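In: have a look at this prediction, sequence included:
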Amino acid sequence: MSELYENRELSWLRFNERVLEEAEDKRNPLCERLTFMSIYQTNLDEFFMVRVGSIHDQMLLEDNPKENKTNMTASEQLEAIRERVMELAARKDESYHKLMKEVKKKGISLVSFAEIDEQESAFLHGFFEREILPLLSPFTISKKRPIPFIKTKEICAMALLETKGGKNRYGIVPCNTGMFARLIPIPGDKGRFILAEELILHFLPQVFTGYNIACKSLVRVTRNADIDADKVYDEELNYRDHMAEVIKLRRKLEPVRLEYTRDIDKKVIKSIAEFFNIDKDMIFHTTAPLDMSFVFDIQDYLRHDKELFFDKRIPQRSPELDESKPMLPQILEKDRFLSYPYETIRPFLSMLHEAANDPDVISIKMTLYRLAKHSKVVEALVEAAENGKEVDVLVELKARFDEENNIGWSRMLEDAGCHVIYGLDGLKVHSKLCLITLRQGKDVKYITQIGTGNYNEKTARLYTDLCLMTADERIGAEAARVFHTLSMGEVMKRTEHLLVAPKCLQNKVIDKIDREIQIAKDGGEGYIGVKINSLTDKKIIDKLIEASTAGVKIEMVIRGICCLHPGVKGKTDNIKIISIVGRFLEHSRIYIFGKGEREEMFIASADFMTRNTVRRVEVATPIYSPEIRDRVRQMFRLQMSDNVKARILKSDGSYKYVTHRRPLVNSQEIFYEEAYKAAETK
């Protein structure tokens, strides 16, 4: 049965390879390819911090558990990851250097000291002594001088130092202090720069005077960031203060990867690994910069050339909503629907601000997972509380890498008079749920918003997400029950309309697949259509395999991880899976079961991952409006027809671009074109 499954981590690396393909794709404008190169690197950083860190911890357990789909042990997974990352690293380096050659043709170049003349070298020497050397904090290490703490992803210049007495030690200089620019211009012709860390590395003799520098390199350490906040819970602290301590603890976790940029002796590398306490198999050589964030500075120098960037796209007005009129009455009239980033998030924000000021509104309840740095959502909730509304907000403090941001927002909300809770023991609250309660005369009415993406105005311009706003009493009543159970520290155990993890989503999805299996066995047309970010839940995977074997047609758009191999004869040959990686991050989730009159359609916050289906609070809402169902169905069909940015998943786990046919179908571009036309004809 192993032919049917893919290891989760190796599948993720295949996804990041597709990101790298976007950096290599000459159909993308040059500066956008630089962006994809940076995304590839930051993705990989987080992969090591979270996934590799977690597997490394598993390897230390006595029972060394096996992964449940391919039966790989933790050590086998780490070895497979290392081999794959080595392959991708060589490809990434080659792609980076090719990209920079193209950038050079546009008048911007990064140079090394081998490419500058004596006059330029003298300038840089003086610049280093005046502007950089006084701001550095170098130190030496030896067996008697332990290495000081090096922050995760911090670039350091490191050298083997030799003394006249024959005693060797290592010198380390942190390079990204934040006190000087990373791109340092070279005088003369405009557009020539050197990276600050390369400058520091070159002038290390000025830093470690009295030593002979035997060899040197830039290095970067990536630390484990996988920490279970509940396992280290300190009952002496309130939960918010506890999470602040968890953030501090994460910064000091063990290193899981070391990268270096120069060809240096293997014995030296071994010694460096021992100093950092890093597994020798998790050391990687690269010829590209250790941090690609400087590419955005390069882009700023090239803004004048519009051909180097994607055409500017601005989220458009939705034809379904009149922004010149109040939102609440429009939603009370009929269900409304938004598709980001093609349509603007403004109507949703307007709805919140109206609710904050509407005398009929009694309360606003909301779950918050990731927010913008300057959140208009929080502004509206604060406004509501200050106007005397009851405002209940569940702020998930365990949203990885957003904990500090969320701690700050939770304090602001509490100060404004909101009732803030912080999630459930052992479960993250990942749902995107907002409930507005109104009293109109003797009637109590609900307006419910359920989405696939975070309440974040910034990502609403970059991620594809869906937003339903409805006054349907069935949905509103169940949403009210969701908030009631959350406030009690409990989870929903029974639902009729919504799918609510952890108790009422995975089982209901499986029941709906079972229904399609029975339809197919009875000679009917069983059908399942799914758009998600990742598929790892083995119970759902096995049920999909059963459905395919029974003859159910299954179509899936899965952007990232997919642990199921389609197209295996007699098993999964009724399953078609594509991945779309393009200008915008595909983030929306759609579930479709059946066709025609028995079709059931949902949008959801949950992927088909075990962490979503049974370890988090997630919400999927049915789409009852025939007009919205038609629209979502058309969106799904268009994405399944994409032949520009879509890759099809093969039975061996590899991805291949969908064969180009005429007409070309770039679904993201078509969605934007449709949004512009709809806004113009409104």
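Out: On my side now, so go ahead. Keep in mind it's a predicted model, so treat the numbers as computed, not measured.

In: what's the weakest-modelled helix or strand in the chain?
Out: One helix or strand of the chain scores below all others by mean pLDDT, DSSP states H and E: helix 239-250, with a mean of 48.

In: what helices and strands are in contact with the following helix or strand past that one?
Out: For helix 239-250, the following helix or strand on the C-terminal side (DSSP states H and E) is strand 255-260. Using 3 or more CB pairs under 8 Å, 6 or more residues apart in numbering; DSSP states H and E, the elements in contact with strand 255-260 are strand 212-223, helix 266-276, strand 283-285. For every residue, glycine as well, the C-beta is placed using N, CA and C.

In: let me know the secondary structure of Glu680.
Out: When classified by DSSP: H, G, I helix; E, B strand; the rest coil, Glu680 comes out as helix.

In: so what's the residue count around it?
Out: 10 (other CB atoms under 10 Å).

In: quick check: buried residues in stretch 57-76?
Out: Neighbour counts using 16 or more other CB atoms under 10 Å place 57-59, 67, 69-70, 72, 74, 76 of stretch 57-76 among the buried residues.

In: let's have the residues you listed in CSV, adding pLDDT and secondary structure.
Out: Below are those laid out as CSV (pLDDT from 0 to 100; DSSP: H, G, I helix; E, B strand; the rest coil):
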residue, pLDDT, secondary structure
Asp57, 78, helix
Gln58, 80, helix
Met59, 77, helix
Glu67, 88, coil
Lys69, 91, coil
Thr70, 92, coil
Met72, 93, coil
Ala74, 90, helix
Glu76, 92, helix
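
In: between the residues you listed, which sits nearest Met601?
Out: Using CB to CB, Lys69 is the member of the buried residues of stretch 57-76 that lies nearest Met601, at 28.5 Å.

In: now that that closest one has come up, it's in contact with Ser11, right?
Out: No - Lys69 is beyond contact range of Ser11, at 9.8 Å (criterion: CB atoms under 8 Å).

In: what's the overlap in contacts for the two?
Out: Taking CB atoms under 8 Å, 6 or more residues apart in numbering as the criterion, Lys69 and Ser11 both touch Cys563.

In: where are the low-confidence patches of this protein?
Out: Scanning the chain for pLDDT under 70 picks out 1, 61-64, 143-146, 227-252, 399-403, 682.

In: now the farthest one out in it, which residue is it?
Out: In the chain, counting by CA atoms, centre = their mean, Gly165 sits farthest out from the average C-alpha position, at 51.8 Å.

In: from Ala501, how far off is Lys645?
Out: 30 Å (CB to CB, to the nearest Å).

In: I meant Leu44, not that one.
Out: Plainly put, Leu44 is 29 Å away from Ala501 if you go by CB to CB.

In: repeat for Gln639
Out: 24 Å.

In: out of those two, which sits in the more crowded spot?
Out: Higher neighbour count among Gln639 and Ala501: Ala501, with 28 against 25, using other CB under 10 Å.

In: I'd assumed Arg616 was in contact with that one.
Out: Yes - counting by CB under 8 Å, Ala501 touches Arg616, with 5.8 Å between them.

In: now list whatever residues contact both of those two.
Out: Contact with both Ala501 and Arg616 is made by residues Ala606, according to CB under 8 Å, 6+ apart.

In: returning to that earlier point: most tightly surrounded among the helices and strands packed on strand 255-260?
Out: For the helices and strands packed on strand 255-260, the largest average neighbour count (mean count of other CB atoms under 10 Å) is found in strand 212-223, namely a mean of 20.

In: so which strand or helix has Arg631?
Out: Here Arg631, judged by DSSP H and E, is contained in helix 626-640.

In: could you look up the next helix or strand downstream of that helix?
Out: Note on helix 626-640: by DSSP H and E, the next helix or strand toward the C-terminus is strand 646-649.

In: contact partners for Ala460?
Out: Shown in contact with Ala460 (CB under 8 Å, 6+ apart): 315, 340-341, 345, 453.

In: just the ones of those residues in helices?
Out: When the contacts of Ala460 are checked against helices (DSSP state H), there are no matches.

In: out of those residues, who's nearest Ser375?
Out: For these, the residue nearest Ser375 by CB to CB is Ile345; the value is 11.8 Å.

In: that closest one and Lys571, how far apart?
Out: Taken as CB to CB, the span from Ile345 to Lys571 is 42 Å.

In: can you check Thr42 too?
Out: Distance, Thr42 to Lys571, by CB to CB: 37 Å.

In: show me which of those two is the more surrounded one.
Out: Set Thr42 next to Lys571 and count neighbours by other CB under 10 Å: Lys571 wins out with 18 against 14.

In: redo the helices and strands packed on strand 255-260 as CSV? Include distance to Tyr5.
Out: Formatted as CSV, those follow (distance: least, CB to CB, whole Å):
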stretch, distance to Tyr5
strand 212-223, 28
helix 266-276, 33
strand 283-285, 28
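
In: ok, which of the ones you listed comes nearest Tyr369?
Out: Taking those one by one with CB to CB, strand 212-223 is closest: 24.0 Å.

In: who does the closest one pair with, and is each partner parallel or antiparallel?
Out: strand 155-162 (antiparallel), strand 255-260 (antiparallel) (DSSP bridges).

In: using JSON lines, lay out those strands together with distance to Thr287 and mean neighbour count.
Out: Shown next, in JSON lines, are those (distance: least, CB to CB, whole Å; neighbours: other CB atoms under 10 Å):
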{"stretch": "strand 155-162", "distance to Thr287": "15", "mean neighbour count": "22"}
{"stretch": "strand 255-260", "distance to Thr287": "10", "mean neighbour count": "23"}
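
In: got these as CSV, with distance to Arg481 columns?
Out: As requested, the strands paired with strand 212-223 are exported to CSV (distance: least, CB to CB, whole Å):
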stretch, distance to Arg481
strand 155-162, 51
strand 255-260, 42
